[in-house]
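> Please find the sequence and the predicted model below.
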Amino acid sequence: MNGILPNGLRPDEASPEWLNKGDNGWELTAATMVGLQSVPGLVILYGSMVKKKWAVNSAFMALYAFASVLICWVMWAYQMSFGSGGISILGKPDQSTSELYLLGRYNNNTNTDTNNNNNDYYYYIPTADYVFYQFAFAAITVILLAGSLLGRMNFYAWMMFVPMWVTASYTVGAYTIWGNGFLRKYEIIDYAGGYVIHLSSGVAGFTAAYWVGPRHRHDRQHFPPNNIINMLGGAGFLWMGWTGFNGGSPLAANGITSLAVLNTHVCTATSLLVWLSLDMVVYLKSSVIGAVQGMITGLVCITPGAGIVDTWAAMLMGILSGSIPWYTMMVLHKKSAFFQEVDDTLGVFHTHAVAGLLGGLLSGLFAKPNLLAMFYQTSTHRPGFLYGIFNGDFNNGLRQMGYQVLGALFITVWNVVVTSLICILISRVIQLRMDEDDLEIGDDAAHGEEAYALWGDGVRDPPPLRFRMTPRIPSFCRRPGVNH
């Protein structure tokens with residue numbers, strides 16, 4: 001065989017016979033694109049979408065989370081999410097750093113088709129690809145959650161929150177729906193994370209916002225973006241990076257990948273235009289921020305079904321994702337005392353929890369049988385409800401919708417409970433919310449740095465009064481019985 005292959009295609013020690021270089025190259029590219037959604041995508045988006053005095057803090061929360069999650073992921077969290085030997089909701093903690101493990105062929109040992117006796121459980125990529133790809137998913141989930149907490153969370157509390165939440169909450173969602181958890185037998189359709197990532201981040205962010213408390217009253221009343229042009233740049237990273245987000249899920253450069261990429265952009269464009277149209281009809285103005293929100297809801301909604309629905313269905317999903325979250329954010333939120341009480345800074349509950357739930361339910365409605373078989377590599381998956389009606393398989397279609405609801409309920413309840421426990425635990429060690437005096441100052445109080453150093457014609461903004469005061473040592477750093 002080696003004699004008829006070009007030198008670049010011949011297997012060697014670094015490229016074993018099972019390795020498909022095309023699949024490997026695409027998966028690494030897709031994982032990198034997902035990483036770019038967070039750094040620099042959400043770093044730029046958060047740093048630009050908030051009030052000027054919070055630009056550094058907001059961007060830094062995203063950057064810190066990205067680094068922190070990676071260490072947690074390779075040391076224990078990946079195996080808790082996709083390993084074995086654990087319990088019904090969680091894998092056994094273990095490191096994922098050995099050469100033998102990472103360079104071995106990736107084995108998807110969660111396939112539930114007992115009639116499949118060939119090697120369809122295996123993909124043509126090294127396990128290292130999948131570890132990195134799934135890390136990028138875990139990281140962006142925590143960073144999306146941070147959007148609910150911008151403008152007031154104590155950074156030291158955030159440093160504790162990130163590893164605790166990834167370990168106790170994210171891993172459970174990934175293990176139960178994508179791994180070997182108890183929900184796996186129900187074959188819940190979640191192509192690339194509508195439940196595991198977006199519903200989870202939206203619910204957890206809203207819950208954490210409740211426990212952290214609101215922003216300073218002036219910030220709640222007036223919180224304009226400090227740089228809309230940069231905000232659009234960050235949104236662009238997010239949109240185009242979703243090519244890898246949904247395109248990487250098949251773990252191969254195949255037809256499902258191509259369909260998922262096209263459906264992703266069709267749904268997103270439709271959602272943006274619908275949101276923009278509603279803004280123009282109701283408020284008589286086209287809002288740039290509204291367009292970005294519509295873009296995000298479209299990306300989120302298509303995620304659980306990108307590669308397993310037809311393109312016409314993706315367009316319908318875009319229409320609904322541009323209108324239903326718009327209603328919950330722009331109408332229902334303003335009328336509800338409960339929503340008004342919880343200060344969700346960037347409306348993550350609406351753009352991710354509502355849109356993620358919507359996408360999961362619509363995926364259960366529009367999932368096409370032959371596409372499900374190609375993606376999941378199994379013949380046992382139930383059809384979407386719509387195809388169940390058309391193909392005379394009504395009971396299985398209805399059952400699939402029921403399982404979609406079940407998955408959403410579990411993810412929601414788990415995130416509310418665990419996020420609450422984490423916030424309560426951290427609050428016993430350090431306050432979750434910054435002091436009122438620090439909230440008036442923002443970045444200077446939190447980090448001693450400013451996003452924009454120059455004002456007017458090169459005149460630097462004078463340092464705040466706090467720079468001429470004796471710094472206060474955080475309470476958790478003080479020794480008992482010593483006054484500072």
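Structure received. Residues are numbered from 1 along each chain as shown.
> When you work out contacts or count neighbours from here on, use the C-alpha atoms and nothing else.
Fine.
> so how far is residue 346 from the residue lying closest to residue 345 once chain neighbours are set aside?
Residue nearest to residue 345 in three dimensions, not counting chain neighbours: residue 148, with 4.8 Å by CA to CA, 6 or more residues apart in numbering. Noted for residue 148: a distance of 6 Å to residue 346, by CA to CA, to the nearest Å.
> do the same with residue 130
Residue 130 is 31 Å from residue 346, where distance means CA to CA.
> And residue 261, by the same measure?
26 Å.
> how about the residue nearest to residue 89 when sequence neighbours are not counted, what does it touch?
Once flanking residues are discounted, residue 89 sits nearest to residue 181: 5.1 Å by CA to CA, 6+ apart. Contacts for residue 181 (CA atoms under 8 Å, 6 or more residues apart in numbering) come out as 87, 88, 89, 90, 175.
> rewinding a little: more neighbours: which of residue 148 and residue 346?
residue 148 (27 against 19; other CA atoms under 10 Å).
> Show me where the stretch 1-150 of the chain has its strands.
With DSSP state E, counting those that start in this stretch as the criterion, the stretch 1-150 of the chain has strands at 105-107, 122-126.
> With mean pLDDT, mean neighbour count and distance to residue 414 as added columns, please give the ones you listed in a markdown table.
Output for those, formatted as a markdown table (pLDDT from 0 to 100; neighbours: other CA atoms under 10 Å; distance: least, CA to CA, whole Å):
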| stretch | mean pLDDT | mean neighbour count | distance to residue 414 |
| --- | --- | --- | --- |
| strand 105-107 | 90 | 19 | 28 |
| strand 122-126 | 91 | 20 | 31 |
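> possible to save those as CSV with distance to residue 394?
Below are the strands of the stretch 1-150 of the chain laid out as CSV (distance: least, CA to CA, whole Å):
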stretch, distance to residue 394
strand 105-107, 33
strand 122-126, 32
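> Nearest approach to residue 318 belongs to which of the ones you listed?
strand 122-126 (31.4 Å; CA to CA).
> Direction included, what does the closest one pair against?
strand 105-107 (antiparallel) (DSSP bridges).
> now what about the partner strand, what contacts it?
18, 19, 121, 122, 123, 124, 125, 126, 127, 130.
> could you list every residue that touches the closest residue to residue 351 other than its chain neighbours?
The shortest distance from residue 351 to any non-neighbouring residue, by CA to CA, 6+ apart, is to residue 297 (5.1 Å). Taking CA under 8 Å, 6+ apart, we find residue 297 in contact with 268, 271, 321, 322, 325, 351, 352, 355.
> And residue 297, which helix or strand is it part of?
Using DSSP states H and E, residue 297 sits within helix 288-302.
> for this protein, which helix is longest?
Using DSSP state H to define each element, the chain has its longest helix at helix 394-427.
> What average pLDDT does that one get?
What helix 394-427 shows for mean pLDDT is 96.
> Who are the packing partners of it?
With contacts defined as 3 or more CA pairs under 8 Å, 6 or more residues apart in numbering; DSSP states H and E, helix 394-427 has these neighbours: helix 155-165, helix 200-212, helix 355-366, helix 385-390.
> These: lowest mean pLDDT?
helix 385-390 (a mean of 92).
> contact partners of that helix?
Identification of contacts with helix 385-390 by CA under 8 Å, 6+ apart yields 364-369, 393-398, 400-401.
> how about 7 Å then?
364, 365, 366, 368, 394, 396, 397, 398, 400, 401 (CA atoms under 7 Å, 6 or more residues apart in numbering).
> so the fourth one makes contact with residue 382?
So the one you mean is residue 368. No: checked against CA atoms under 7 Å, the pair residue 368 and residue 382 is beyond contact range at 9.4 Å.
> Would you enumerate the residues in contact with the residue most central in space within the chain?
For the chain, the residue nearest the mean C-alpha position is residue 141 (3.1 Å; CA atoms, centre = their mean). With contact taken as CA under 7 Å, 6+ apart, residue 141 is in contact with 197, 198, 201.
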